[in-house]
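Enquirer: Dropping the sequence and predicted coords here.
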Amino acid sequence: MMSKINFLKPDKSNLYTFLYIGSFLFFFSVLDVLFNSFFSLNLTGFLPSFLSFLFPLILGFIGLYFIRIELSGIKQLDLLNKHINTNNFNAILSLLIIFIILKSIPPILSWFFIDASFAGDSKDVCTGTGACWTYIKVWMRRFMYGMYPNGEQWRINLSFIALALLGSVGYFATDRFKKYLTLYYVVIYPFIAFLFIFFFISGGPVFFDFSYGIIAAILSIIIGFFIPSKFKFYYFLVVPFALYILLKYFIFYEELIELGKLDGLNWVETGAWGGLSLTFIISFFCLIFCFPIGMAFALGRRSGFPLIRYISIGFIEFWRGVPLITVLFMSAVMFPMFLPADFFIDKLVRCIIAISLFEAAYVAEVIRGGLQALPRGQYEAAKSLGMGYWRMHIFVILPQALKLVIPGIANTFLALVKDTPLIFVVGLLEIVGMLNLAKTNPEWLGFAMEGYVFAAIIFWIICYAMSKYSYNLEQKYKTDR
Amino acid sequence: MNFKLKDIGPQLMTVIAVVLVFGFFTYNAQVNMENRGIDFGYGFLSQESSFDVQFSLIEYDGSHSYFRAYLVGLLNTILVSVIGIILATILGVIVGIARLSPNYLINKFAAFYVEFFRNIPLLLQIFFWYFAALRALPLPQDAEAIFGISFLTIKGLFVPAFIWQNFNIFFYSIVAAIIAIIVIRIHSKKKQETQGKQTPVLLISIGLIFILPLLSFLIGGVRLSFEVPVLKQLATTSFIYEGGVSLPPELIALALSLSLYTATFIAECVRAGIQGVGKGQKEAAASIGLTPNQVLKLVVMPQALRIIIPPTTNQYLNLTKNSSLAAAIAYPDLVLVFAGTALMQTGKAIEIVSITMFTYLSLSISISLFMNWYNNKIAIQEK
C-alpha cells in the first residue's frame, strides 16, 4: 500500500513537478476565497454547498503538502516552508488564518470606509449599512471636552498645548541644564500644570482645599532640600500638614480668595468637565501623585522600623485587595462622612485622591521589587561612604532600582489610564461616559458601535504609544552590570 | 532597656500621625452621623430588603433579608468570576503557546490579539459587547436554534436544563472517583520511587472518572433528562423562552469581555514561563532519551509552571476584582446589589461599603496567603 502511493511523496528528485502542482493548488485555493469574499463569486459553485465550503481548505492543504520539500535549494520556498508550513497541523492553521484574514477584510473595509457616511451633520445621511462617522463628527466636541461650554474650549486647548510644549523641554535641554531636569519635572512642571488647570480650565473656586495642599507640598519639598538629613523624616511628617493648616485657616481667609479668578474668564465647574480632556487631566494628576506616595510606602515596607513596616504593609495590601470601583464608591458616599461638615471637597478632587492612593499601592509593590533586586553590596557600599538613609536612597539606591522597574511602572501607569473610565461611578463623564450619554440621545439612537469603536481606537493608540515609549526608555537606561 | 530614641522617634511619630488622621475621621463620622440622625450598626442585615434582583442563583425576592441580598450578589460575583477564569485560562494558554509557535502567521495572529485587547480599557470592552455587539443578536422569535436546543437571542442565551433524579448518588460517585484517583496517584508515585515501576495513572484516572459516574447511572438509579427551552408568546410582539436555563446578556457580555481581556495577560504569563525554561534543559532531557512528550511533562512543564502560576493567580485575582465593573451594565453582582441598591435603600454608607470592601479584601488576602505558601513550597531549594 505504502509503495503504491510513494510516488505522491514529494522529494527533491522531482522537485519541479511537485512545486508546480502544489503551488497551483495553493494559489487556486487562496484565489477561490479571495474571489468569494471580494467579488462574491463562487468558483466552486458547481459543487454541493458543503463541499464547496471545505474545498479551498482541502485543496490548499494538498498544495501545501506537495510543496513541503526539505532543502529544496529554492530560497523563497525554504523560507515559506520554515515559517508557515512545517507540518500538516501548521499548514492547516496557516491556511485557516489566511482564509480568515481574506474573509474579514471586505466587511471591515466596507463598514469603516466604503459604506460609511462621513458628510452631513444630521442622522439622515446615515442610511448605508456602514458606520456613521457623522455621529462622531457631530458629537466630537462632547467626546473631547464633555459639557465644557463651546465658547470656552480654547482654554483647554491652550492649556494642553502649553503643557505639552513645557513638557518637551527635556528633549531640548543642553547639557548645562540637564542636571536641573529632575527638579523641573518633579516639582516645577507639576506646579505649572496645576496652575494652568486651576486658573485656566477651572477659572473658579474648585480646587481650593486641594490647592492649599499642593502649595504646602511643593513649598515643603523645596524647603526640604535644605533640611539636614537627620531631621528630614520628622520634617516631612509634620511640616506639610502644618503648612496646609496654616495656609487654610490662617493666611488665606475665604474672603481673600479671588485667586482662581482671572479677568474675563468664567468659572466652569468640574461637573461640566469631561471627555478625553478629563481622561488626560485625571491621568496626569494621578500619575504625579501616585509615584511619590508609592515610593514612600515602598521604602516604608523595606524599613527597619517594625511599626512603619506594618503600617506600610497594611496600606499596600488594603488598596491592592479591593477593586477600584469600591474605592470610588467610598470616595463618593463614605468619604464626605469622614470630613467636617463645612469641609467641601470637589468630587473630581476626591476622585483624583482615591485613584492616586489606589495606584500608589501598585507602584509601591513595583518599586519594592526593584529595591529587592538590588544586591546588598550597593547598600553596604553607600553606607561605608558615610551616607545617611536619605542620601543613600536618593543618590545610590533609588536611581538603580527605578531603572530596573521601568516596565513595571509603565504597566501600572497604563492600568491607571485604562482605569479612568471608572469615574462614571461618581458621576464624572470622561470619553466612555460621554459615549454612553450620547448613545441615549433620542436623536442619535443606534450608533453605539461607532462610538465604542472610536473610543477604542483612541485608547488603543494612547496605550500602545505608552507601552512602546516605556520599551524605548527601558532600552535607553539599560545598563549592563 | 536598650531602646534608643533614634529608633523609637520615627516610629512613634508615624503612629501618632496615623492615629491622629484616623481619630479625625472617626470623630467627624460620629459628628456627621449624629447631625443626620443615622445610627451606626449592622442590625439592618436581618431586615427585610424589599427590592428585587434580576438574576440570582439562590431563591430570593423582596421579602428576604439584606444578608440574603448580599449572598445573592456574592454568588453572582463568584459565578461570573469562575466562568471568566475558566474561559480566560483556556484562551490564554492557547494564545500563549501560539505566541511561541514557529509558524509566522500563528505567532503574529496571537501577538495581534494580545496587543489589541490589552490596550483597550476593560470597561469599554464590556460596554462594547453589551451595548453594541450583543444588541445585534436576533429577537427571541427570530432566533435560530444552535444544535436544535439552545437559543442565542438579544434577551440572553437559553440552554437546556438538566433534570436529575437521585443527583446525590451521582455526586457521591464523582467524589469517590476523585478520591480514588488521588489514592492511586500517591500509591503509584510511591511504587515508582521504591520499585521503579510505572503505572499508567492517566489511563486509570480517565477510566475511573468515566466509569464510576456511568455505574451510578446503570445501577444507582440516577436519571438525567433535558428540559429544552420553548418559545412562548407573552403579548403580540413579545416573546420569551420558557424552561431550561437562561443566561442573561449581562452575564454573557461580562464573562466574554473579562475572559478576552484577562486572557491576554495570562497568555503573556504562559509565554514568559515557557521561555523561562532554558534550552539546555530540553536538550539535556532529550539527550538522556526521554520522548518529546516526556520532556514536556517531566522537565519543561514543572519548571515552567513554577514561573507561570504565581502571576497567573494574580490575574485570576484581578479578574475577580474587575468583575465588579458589572455594576456598569447592571449585572447584579456584589457591588451593584449591595453597594448600590442596598446602600440606596438603607443609607448605611459606612457599614455597606466596609462590608463590600472587606469581602473583596478577605478574598484577595486569602488567595495571596495561599500563593505565598505555594511559592515557598515550589521554590527551588538551593544548597
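Expert: All right, it came through fine.
Enquirer: rest of the way, CA atoms for contacts and neighbours
Expert: Fine.
Enquirer: quick one: the helices in the stretch 51-200 of chain A?
Expert: A:75-84, A:88-109, A:133-145, A:153-167, A:169-172, A:175-178, A:181-183, A:189-195 (DSSP state H, counting those that start in this stretch).
Enquirer: and chain B, which of those helices is closest to it?
Expert: Nearest to chain B among the helices of the stretch 51-200 of chain A is helix A:75-84; the distance by C-alpha to the nearest C-alpha comes to 4.8 Å.
Enquirer: Would you tell me whether that closest one gets close to chain B?
Expert: Yes: using C-alpha under 8 Å from any C-alpha of the partner chain, helix A:75-84 reaches chain B at A:82-84.
Enquirer: who wins for neighbours among the residues you listed?
Expert: The residue in the residues of helix A:75-84 next to chain B with the most neighbours, by other C-alpha atoms under 10 Å in any protein chain shown, is residue A:84 (22 neighbours).
Enquirer: Look up how far residue A:87 lies from the closest residue to that residue other than its chain neighbours.
Expert: Spatially, and ignoring its direct neighbours in sequence, residue A:84 is nearest to residue B:103 (4.8 Å; C-alpha to C-alpha, 6 or more residues apart in numbering or on different chains). Distance of residue B:103 to residue A:87, computed by C-alpha to C-alpha, to the nearest Å: 10 Å.
Enquirer: Give me the more crowded residue out of the two.
Expert: Neighbours were counted for residue B:103 and for residue A:87 using other C-alpha under 10 Å; residue B:103 has more, 22 against 14.
Enquirer: Which secondary structure elements does the host helix or strand of residue B:308 sit against?
Expert: Assessed by DSSP states H and E, residue B:308 sits inside helix B:301-322. On a contact count with 3 or more C-alpha pairs under 8 Å, 6 or more residues apart in numbering or on different chains; DSSP states H and E, helix B:301-322 meets helix B:66-98, helix B:249-276, helix B:349-378.
Enquirer: and those helices, which is most packed in?
Expert: helix B:249-276 (a mean of 24; mean count of other C-alpha atoms under 10 Å in any protein chain shown).
Enquirer: Now the element after that helix, going C-ward?
Expert: helix B:279-287.
Enquirer: Below-threshold pLDDT in the stretch 1-150 of chain A: ranges please.
Expert: Within the stretch 1-150 of chain A, the set of residues satisfying pLDDT under 70 comprises A:1-11, A:45.
Enquirer: again, 80 this time
Expert: For the stretch 1-150 of chain A, the stretches flagged by pLDDT under 80 are A:1-18, A:37-54, A:68-74, A:86-87, A:115-130.
Enquirer: same thing with the stretch 151-300 of chain B?
Expert: B:151-156, B:159-168, B:170, B:196-202, B:213, B:215-246, B:292.
Enquirer: Tell me who's in contact with the residue in it positioned nearest to chain A.
Expert: Nearest residue of the stretch 151-300 of chain B to chain A, counting by C-alpha to the nearest C-alpha: residue B:265, 11.4 Å away. Counting by C-alpha atoms under 8 Å, 6 or more residues apart in numbering or on different chains, residue B:265 makes contact with B:92, B:114, B:118, B:315.
Enquirer: returning to what we had before: of the helices of the stretch 51-200 of chain A, flag the one that's most buried.
Expert: Sorting the helices of the stretch 51-200 of chain A by mean neighbours (by mean count of other C-alpha under 10 Å), the first place falls to helix A:133-145, with a mean of 20.
Enquirer: CA-only coordinates of it in CSV, if you can.
Expert: The C-alpha trace of helix A:133-145 is given here as CSV (Å, rounded to 0.1, in the frame of the first residue of the first chain):
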residue,chain,number,x,y,z
TRP,A,133,-19.0,58.7,11.3
THR,A,134,-21.2,61.8,11.0
TYR,A,135,-22.3,60.9,14.5
ILE,A,136,-18.7,61.1,15.8
LYS,A,137,-18.2,64.3,13.9
VAL,A,138,-21.3,66.0,15.4
TRP,A,139,-20.5,64.8,18.9
MET,A,140,-16.8,65.4,18.7
ARG,A,141,-16.7,68.4,21.0
ARG,A,142,-18.7,66.5,23.6
PHE,A,143,-16.4,63.5,23.4
MET,A,144,-13.3,65.7,23.7
TYR,A,145,-14.4,68.3,26.2
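Enquirer: Spatially nearest residue to residue B:80 (excluding sequence neighbours)?
Expert: residue B:255 (5.9 Å).
Enquirer: For stretch B:99-112, what is the distance to the chain centroid?
Expert: Distance of stretch B:99-112 from its chain centroid, counting by C-alpha atoms, centre = their mean, to the nearest Å, is 27 Å.
Enquirer: Run a quick neighbour tally on residue B:8.
Expert: Neighbours around residue B:8, by other C-alpha under 10 Å: 12.
Enquirer: what about it, which helix or strand?
Expert: Here residue B:8 is assigned to helix B:5-36, by DSSP H and E.
Enquirer: So residue A:266, which state does it fall into?
Expert: Following DSSP: H, G, I helix; E, B strand; the rest coil, we place residue A:266 in the coil state.
Enquirer: quick one: pLDDT of residue A:205?
Expert: On the pLDDT scale, residue A:205 is placed at 56.
Enquirer: do residue A:248 as well
Expert: So residue A:248 comes in at 69 (pLDDT).
Enquirer: Likewise for the one 5 residues further on?
Expert: If you check residue A:253, the pLDDT there is 52.
Enquirer: what does residue A:458 give?
Expert: 91.
Enquirer: hang on, it in a helix?
Expert: Yes: secondary structure of residue A:458 (three-state DSSP): part of a helix.
Enquirer: what's near enough to touch it?
Expert: Counting by C-alpha under 8 Å, 6+ apart, residue A:458 has no contacts.
Enquirer: any idea how far residue A:289 is from it?
Expert: In this view, residue A:458 and residue A:289 are 25 Å apart by C-alpha to C-alpha.
Enquirer: Near chain B, which residues of the stretch 351-481 of chain A are found?
Expert: Residues of the stretch 351-481 of chain A found near chain B (C-alpha under 8 Å from any C-alpha) are A:418-419, A:421-422, A:432, A:448-449, A:452, A:455-456, A:459-460, A:463-464.
Enquirer: For those, which two are the farthest from each other?
Expert: Longest distance between any two of these is 23.7 Å, between A:448 and A:464; criterion C-alpha to C-alpha.
Enquirer: who has more neighbours, those two?
Expert: When residue A:448 and residue A:464 are compared for neighbours, residue A:448 comes out ahead with 22 against 18, by other C-alpha under 10 Å.
Enquirer: mind listing what that one touches?
Expert: Here residue A:448 is in contact with A:435-436, A:439, B:128, B:131-132 (C-alpha under 8 Å, 6+ apart).
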